[in-house]
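Chemist: need a 3D model of the following:
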Amino acid sequence: MTTYDLREVEHEITVDAPAEKVYALISAVENWPRVFPPTIWVDKLDEEGAEERIQIWATANERPAGWTSRRRLDPEQLRITFRQEVSTPPVAAMGGAWLIEPLPQGGTRVRLLHDYRAVDDDPAGLRWIDEAVDRNSRSELAALKRNIEEVVAEDELTFSFEDTVHVAGSAKDLYDFVLEADRWAERLPHVASVTLEEVQPGLQSLEMETRAKDGSVHTTKSYRVCRPHHRIAYKQVTLPALLALHTGYWTFTEVEGGATASSQHTVVLRREAITTVLGPDATVAQARQFVQDALSTNSLATLGHARDFAEARA
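Modeler: Numbering: from 1, shown residues only. Reported below is the predicted structural model:
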């Protein structure tokens, strides 16, 4: 059998921002679903000193997958090294590093290094990894540059909100209602149709058609990370014209006398689409309210039916 050498690749980009700010954004994994387009969700499993263990769900060549990695943070050298603990085929092993380098003329050079090999040194598998790494690296670096330079984290176009209901029932039953999205067309009046696929245990692909107040039907696709019985996180990958990003999570918590169910949303508006969608005089404030009203209407409808479901079971 032919043995192939470990593949090593490098991607880089220049960012017009201080190196410390760039490092801070990359080192905080809670930013990743918002900052990096391929990332669906990240959980920090444990940390000790400069070492941390994280679980990542992301798309590669438009296919979702999950894996666990270890990272070592070096804020003095502005370096973050990573290594996958258990990789998802066709990846046999993968690691690399983020290198953050201040430039003499100002700004920062960001280098993203990867080393990897394919299961059984399969050439077709290696080509698939090559394409996925190249696509994701370019996407991540471009998004990093855009987010840093436009200071999206502090921009009025980015905002979050949450809706919560109290339920005389169990968190598990609430979780089950949201988990079983393949039954939403029969359980939720605003859902016209659903296609749900279990990509791997705990990772779902959800495509559905929903009805708006005006009777129009909209198709959306999301990837969901399910953590029994307390959280379902998601990232929407097909977006309406007004949104550049939509992520969120459902949480279910046992409390005295019952449980609470919450739906959290984080969205980024497309500034250039506001007047196109809402009219020539529309403002950012109006667009924010429009989006929040639309998303909250559907979330509260789903939470209300989940409450009825859980209370009937109780």
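Chemist: tell me the contacts of the residue lying closest to residue 269 once chain neighbours are set aside?
Modeler: Of all residues not flanking residue 269 in the chain, residue 157 sits nearest, at 4.4 Å (CB to CB, 6 or more residues apart in numbering). C-beta here means a position set from N, CA and C on the backbone, and glycine is covered the same way. Neighbour list for residue 157: 244, 268-271, 284 [criterion: CB atoms under 8 Å, 6 or more residues apart in numbering].
Chemist: possible to save the residues you listed as JSON lines with secondary structure?
Modeler: Formatted as JSON lines, the contacts of residue 157 follow (DSSP: H, G, I helix; E, B strand; the rest coil):
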{"residue": "244", "secondary structure": "strand"}
{"residue": "268", "secondary structure": "strand"}
{"residue": "269", "secondary structure": "strand"}
{"residue": "270", "secondary structure": "coil"}
{"residue": "271", "secondary structure": "helix"}
{"residue": "284", "secondary structure": "helix"}
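Chemist: of those, which is the most crowded?
Modeler: Within the contacts of residue 157, most neighbours by other CB atoms under 10 Å means residue 269, with 22 neighbours.
Chemist: thought that residue was touching residue 289?
Modeler: No: using CB atoms under 8 Å, residue 269 is not in contact with residue 289; the gap is 11.1 Å.
Chemist: alpha carbons only: can I get the helix or strand encompassing residue 22 in PDB?
Modeler: Following DSSP states H and E, one finds residue 22 within helix 19-27. Output in PDB follows, covering the C-alpha atoms of helix 19-27 (Å, rounded to 0.1, in the frame of the first residue of the first chain):
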ATOM      1  CA  ALA A  19      -2.700  42.100  16.800                       C
ATOM      2  CA  GLU A  20      -4.000  41.900  20.300                       C
ATOM      3  CA  LYS A  21      -7.600  42.400  19.100                       C
ATOM      4  CA  VAL A  22      -7.200  39.800  16.500                       C
ATOM      5  CA  TYR A  23      -5.900  37.300  19.000                       C
ATOM      6  CA  ALA A  24      -8.700  38.100  21.400                       C
ATOM      7  CA  LEU A  25     -11.300  37.400  18.800                       C
ATOM      8  CA  ILE A  26      -9.800  34.000  17.800                       C
ATOM      9  CA  SER A  27      -9.100  32.900  21.300                       C
END
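Chemist: what helices or strands is that helix leaning on?
Modeler: Helices and strands touching helix 19-27, by 3 or more CB pairs under 8 Å, 6 or more residues apart in numbering; DSSP states H and E, are strand 79-86, strand 91-102, strand 108-118, helix 123-150.
Chemist: give me that answer again for 7 Å
Modeler: If contacts are counted by 3 or more CB pairs under 7 Å, 6 or more residues apart in numbering; DSSP states H and E, helix 19-27 sits against strand 91-102, strand 108-118, helix 123-150.
Chemist: partner strands of the shortest one, parallel or antiparallel?
Modeler: Applying DSSP bridges to the sheet, strand 108-118 is found paired with strand 7-15 (antiparallel), strand 91-102 (antiparallel).
Chemist: residues in contact with the lowest-mean-pLDDT helix or strand in the chain?
Modeler: Ranking every helix and strand in the chain by mean pLDDT, DSSP states H and E puts helix 32-35 at the bottom, with a mean of 88. The set of residues external to helix 32-35 that reach it, using CB atoms under 7 Å, 6 or more residues apart in numbering, is 25, 39-42, 143-144, 147, 235, 245, 247, 266.
Chemist: kindly report the same for stretch 231-240.
Modeler: The contact list for stretch 231-240, computed with CB under 7 Å, 6+ apart, reads 33, 40-41, 178-179, 218-226, 246-251.
Chemist: burial count for the nearest residue to residue 205 once chain neighbours are set aside?
Modeler: The shortest distance from residue 205 to any non-neighbouring residue, by CB to CB, 6+ apart, is to residue 197 (4.4 Å). By other CB under 10 Å, 12 other residues sit near residue 197.
Chemist: how close does residue 197 get to residue 216?
Modeler: 25 Å (CB to CB, to the nearest Å).
Chemist: also residue 156?
Modeler: 27 Å.
Chemist: which one of those two is surrounded by more residues?
Modeler: Neighbour count, other CB under 10 Å: between residue 156 and residue 216, residue 156 has more, with 12 against 8.
Chemist: would you say that one is within a helix?
Modeler: No: judged by three-state DSSP, residue 156 forms no part of a helix; its state is coil.
Chemist: which residues touch stretch 279-298?
Modeler: 156-157, 159, 161, 163, 190, 210, 242-243, 265, 267, 269, 274-275, 278.
Chemist: buried members of these into ChimeraX, please.
Modeler: The ChimeraX selection below is limited to those of these classed as buried (16 or more other CB atoms under 10 Å):
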select :157,161,163,190,210,242,243,265,267,269,274
